[in-house]
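In: Task: produce atomic coordinates for the following.
(4 chains)
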2 protein chains.
Amino acid sequence: MSSDLTVGQLASAAGVSADTVRYYERLNLLPPASRTRAGYRLYTESDLERLRFIKQAQSLGLSLDDIRMLLPGSEAGLAECRRVRDLLISKLEELDARLGEMRAFRRRIVAYLKECEQALAGKREDRCPVLFEISHSTHSEAKPTKSRALRNRIDAKKGRKP
Amino acid sequence: MSSDLTVGQLASAAGVSADTVRYYERLNLLPPASRTRAGYRLYTESDLERLRFIKQAQSLGLSLDDIRMLLPGSEAGLAECRRVRDLLISKLEELDARLGEMRAFRRRIVAYLKECEQALAGKREDRCPVLFEISHSTHSEAKPTKSRALRNRIDAKKGRKP
DNA sequence: CTTGACTTTGGAGTCGGCTCAAAGGTTTAC
DNA sequence: GTAAACCTTTGAGCCGACTCCAAAGTCAAG
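Out: Numbers count the residues shown, from 1 in each chain, chains lettered A, B, ... in the order given. From the prediction side, this is the model:
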């Protein structure tokens, strides 16, 4: 309470950008901040806790929509707990479905890889058996745009504030 | 030539929309289709296989950029095979890394779920212990990688062709 | 008093992967 | 011969979670 924070201070305390804080406010993930006479947003420690909670939950793979459902509602302990449990169960189901798919895909990749290695060891294939399996068409290539997914990951890993 | 397909036929055979097929063609994921005199696209079985491969790879979380790299280039047999092998190896590594992350995430969810169930069984908590923990854990590194892919897959499962 | 680092707003842009609309041309079924 | 159901193109819109921008206001240090 000794410490009221501006957006920028709150943001850097939580390791996000000021834009992100305002964005969360628009989405009702953070309550509308009180203001100075000049209109600057003012935040308290509890806003910081809440913001950290959001980030933490997000790092668990929850979407902002999911998180909004987790944020302090009006119910008391047990009801709250049931709500959380239901969300966790549904996330777990999603996760398991996806894990199953990924393991199947892994088996497929491994099988393809084995075929490749065999063809390379035998040195007698006139074309990659994997590609033969996948498709018979040859097709000319445009320029290989650098993967955006990769760039996004890199951006995400290093520091928040530009 | 027994089985030439129009874009709509190809699309529904693969369970995607015609728009998606044309979109893939724009992205060079499918070779430019041959045309009838009237300009209609014509596809073959091998296009269908290729399209199915794309969907299969995609359902496991590979981006279209990733997939493009797995698709046939113009080099001859062994070189081609080496390229495919190298890509398969790197995808396999990625996949394993991701599987590891997901399993860790899963353990965390399961642990939280257990706490919820216990609190509900004991009926003595005044506050959900999971919410308490999340709000008091230290926020390390946010990595919301899977949310998006996860939701995309879910959308993909039910919402086909409206 | 001026500089420069903050703040405000609304609105636009980004990325991947579609999805839809508009305005027209073609093919097929009756 | 005509209507339905295809097909063509270009180009815009959608989602989630930001991110950036411009133009203007505010605040603290020197």
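
In: How about the backbone phi and psi for A:R41?
Out: With angles defined as degrees, to the nearest 10, A:R41 sits at phi -70, psi 140.

In: Let me see the contact set for the nearest residue to it once chain neighbours are set aside.
Out: For A:R41, the nearest residue in space outside its immediate sequence neighbours is A:A33; the separation is 3.8 Å by Cβ to Cβ, 6 or more residues apart in numbering or on different chains. C-beta: built from backbone N, CA, C; applies to glycine. A:A33 sits next to A:7, A:25, A:41-43, A:47 when contact means Cβ atoms under 8 Å, 6 or more residues apart in numbering or on different chains.

In: same thing but at 7 Å, please
Out: When contacts are counted by Cβ atoms under 7 Å, 6 or more residues apart in numbering or on different chains, A:A33 is found next to A:25, A:41-43.

In: So which of these wins on neighbours?
Out: Within the contacts of A:A33, neighbour counts (other Cβ atoms under 10 Å in any protein chain shown) peak at A:Y43, which reaches 24 neighbours.

In: Okay, and the beta partners of that residue?
Out: Beta-bridge pairing for A:Y43 (DSSP bridges): A:L5.

In: Wasn't A:G61 part of a helix?
Out: No: counting by DSSP: H, G, I helix; E, B strand; the rest coil, A:G61 is not part of a helix but coil.

In: Near it, how many other residues are there?
Out: The local packing count at A:G61 equals 23, with neighbours defined by other Cβ under 10 Å.

In: And the residue nearest to the spatial centre of chain A, how close does it get to A:R98?
Out: Within chain A, the residue whose C-alpha comes closest to the C-alpha centroid is A:G61; the distance, by Cα atoms, centre = their mean, is 5.6 Å. As for A:G61, its distance to A:R98 is 11 Å (criterion: Cβ to Cβ, to the nearest Å).

In: next one: A:S12
Out: Here the distance between A:S12 and A:R98 works out to 34 Å (Cβ to Cβ).

In: Next: A:G122.
Out: With distances defined as Cβ to Cβ, the gap from A:G122 to A:R98 amounts to 36 Å.

In: cool, A:R83 as well?
Out: A:R83 sits 23 Å away from A:R98, taking Cβ to Cβ as the criterion.

In: ok, the two, which is more surrounded?
Out: Between A:R83 and A:R98, counted using other Cβ under 10 Å, the more crowded position is A:R98 (21 against 17).

In: Can you say which helix or strand has the more buried one in it?
Out: Counting by DSSP states H and E, the secondary-structure element that holds A:R98 is helix A:77-122.

In: Just the mean pLDDT for that helix, thanks.
Out: Model confidence over helix A:77-122, given as mean pLDDT, is 85.

In: Tell me how many other residues surround the spatially closest residue to A:L51 that is not a sequence neighbour.
Out: The spatial neighbour of A:L51 that comes closest, neighbours along the chain excluded (Cβ to Cβ, 6+ apart), is A:A14 at 4.4 Å. By the measure other Cβ under 10 Å, the count of residues near A:A14 is 23.

In: Any figure for the gap between A:A14 and DNA strand D?
Out: As defined by Cβ to the nearest atom of the strand, to the nearest Å, A:A14 lies at a distance of 11 Å from DNA strand D.

In: which of the contacts of A:A33 sit farthest apart?
Out: Using Cβ to Cβ, the two most remote members of the contacts of A:A33 are A:E25 and A:L42, lying 12.4 Å apart.
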